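Q: no sequence on this one, just coordinates:
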């Protein structure tokens, strides 16, 4: 996993991205897209490798806050 994340970080650097890429970011993106596309929680949970849907619900609720944080950051940089 460490090697994969180093390679993703190198890729983001070569692409000139402001954010570094990571396996966590890929999981985060997949779960966010699945939720937005109304994929059932059970499927998302299985895809994430969570042992319970409760864990997935906690994870998805943190994604909601991240989306709000990102929106606030974009608004602040536009001022």
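A: Thanks, I have it. Since this is a predicted model, take the numbers as computed values, not measurements.
Q: How many neighbouring residues does residue 42 have?
A: Using other CB atoms under 10 Å, the number of residues around residue 42 comes to 10. C-beta here means a position set from N, CA and C on the backbone, and glycine is covered the same way.
Q: thinking it is in contact with residue 50, fair?
A: No: at 10.1 Å, residue 42 and residue 50 do not qualify as touching, with contact defined as CB atoms under 8 Å.
Q: Give the closest residue to residue 1 in space, chain neighbours not counted.
A: residue 23 (6.1 Å; CB to CB, 6 or more residues apart in numbering).
Q: ok, the one you found to residue 3 distance?
A: For residue 23, the distance to residue 3 (CB to CB, to the nearest Å) stands at 11 Å.
Q: who's more crowded, these two?
A: The neighbour count for residue 23 versus residue 3, taken as other CB under 10 Å, is higher for residue 23 (12 against 7).
Q: So for residue 37, what's the pLDDT?
A: pLDDT for residue 37: 91.
Q: Use 6 as the first number from now on
A: Okay, using 6 as the starting number, the last item reads as residue 42.
Q: circling back: for the residue nearest to residue 6, which residues are in contact?
A: Going by CB atoms under 8 Å, 6 or more residues apart in numbering, residue 28 touches 6, 9, 10, 13.
Q: and if you look at residue 55?
A: By CB under 8 Å, 6+ apart, the contact set of residue 55 is 61, 64.
Q: Alright, that wraps it up for me.
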